[in-house]
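Colleague: I need the structure of the sequence given here:
(2 chains)
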Amino acid sequence: MRGRLDLVVIARMIEILYVEGAMKKTQLQMASRLNYKTFTRYLNWLTERKLIDVDSEDGYVKLTRSGLETYQTLVAWTRRYLEKI
Amino acid sequence: MRRSFLTLARVIVALNILLTIFLIIATTTYPSTMLSREMRGLPPVKIVASTPLINATVPPHIPATTQTNETLDKHAESTSVGDTLTAYYGAEPYLPQILALILGLILGVTSIALFSEFKASRGRGYLERTFQKFKVARTWYIVGLISTSILLMYTVFIHVLNYSLYGLTIYLLLVFELSILIFFTWRIMYIRKLQNELLKIMMLK
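Modeller: Numbers count the residues shown, from 1 in each chain, chains lettered A, B, ... in the order given. Here you go, the predicted model:
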């Protein structure tokens, strides 16, 4: 995959899926505030890491168990280290 | 005590700007009460202009070649003092440009930090806002390091130019800036450590 990935964008996408649940790709793209090309790049990266799952039938995107755990780990980690930075 | 180091970094950067403006005003309004100037090194040699007496009847005791050499020696001595002064004050004709560059650099890097602060304020969720703050903190620490380095260089520069700022104040300023430099280096190293941990969690590394 070419280009660097932004931590903030990854966090944003995972958080949206955690808070709002499964949603359509277009909805997620709008909420992520990304253009289609960039959104696809991030979506592919998250799918490759098995953090999200894209339903091939209805096109809904949802967090996998691994994605859920990653989100919880991230929140715990940020509360521990980043709040008093 | 939340984000106390970040607040401290912002305060230090603001202080750096104020100190730079103070030093620039002090340098440009010289001579003033803020700044005096002392000559260091060798005092200028007073050259006594002497015309060798030429007596047509009595030949001079010193041969003409020796006398010429002595005169040349005196000139050589005065030139060495002149060179020292040129070394001290050689950069002075460029002082306005140097001041503009310093002020421009400090204000420029601070505006980058302010812009990143503005960008971070648009974050929505908890995780996004925290990550934005993390990036902002990193930017502020780097900006602080750059502005302190610039200020330190300028303080050393005016010290080299023999400007004396309230006696020992310039030394206190040097110690203060060096300690700030250590603080920012320590914070940047800490941020780097955290970033590596974060990249591991996010499976980006």
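Colleague: Residue B:113 against residue B:139, yeah?
Modeller: Yes: shown here, residue B:113 and residue B:139 form a contact pair, counting by CB atoms under 8 Å, at 5.1 Å. To be clear about C-beta, it is placed using only N, CA and C from the backbone, and glycine gets the same treatment.
Colleague: so residue A:61 sits in a strand?
Modeller: Yes: judged by DSSP: H, G, I helix; E, B strand; the rest coil, residue A:61 forms part of a strand.
Colleague: any idea how far it is from residue A:28?
Modeller: Here the criterion is CB to CB, to the nearest Å. By it, residue A:61 lies 5 Å from residue A:28.
Colleague: got it, and residue B:141?
Modeller: Residue B:141 is 33 Å from residue A:28, where distance means CB to CB.
Colleague: and what of residue A:35?
Modeller: Distance, residue A:35 to residue A:28, using CB to CB: 13 Å.
Colleague: The two: which is more packed in?
Modeller: Neighbour totals were compared for residue A:35 and residue A:28, and residue A:28 leads with 23 against 9 (other CB atoms under 10 Å in any protein chain shown).
Colleague: Quick one: residues contacting the more buried one.
Modeller: A:13, A:16-17, A:39, A:43, A:61 (CB atoms under 8 Å, 6 or more residues apart in numbering or on different chains).
Colleague: So which of the residues you listed reach chain B?
Modeller: Counting by CB under 8 Å from any CB of the partner chain, residue A:16 from the contacts of residue A:28 sit close to chain B.
Colleague: Mind checking which of the contacts of residue A:28 are in strands?
Modeller: Among the contacts of residue A:28, DSSP state E puts residue A:61 in strands.
Colleague: out of the contacts of residue A:28, what pair is the most spread apart?
Modeller: The span of the contacts of residue A:28, defined through CB to CB, is set by A:17 and A:39 at 13.2 Å.
Colleague: between those two, who's got more neighbours?
Modeller: residue A:17 (25 against 19).
Colleague: That one: what's its closest spatial neighbour, skipping adjacent residues?
Modeller: The spatial neighbour of residue A:17 that comes closest, neighbours along the chain excluded (CB to CB, 6 or more residues apart in numbering or on different chains), is residue A:63 at 4.7 Å.
Colleague: try residue B:191
Modeller: With sequence-adjacent residues excluded and distances taken as CB to CB, 6+ apart, residue B:191 is closest to residue B:138, at 5.0 Å.
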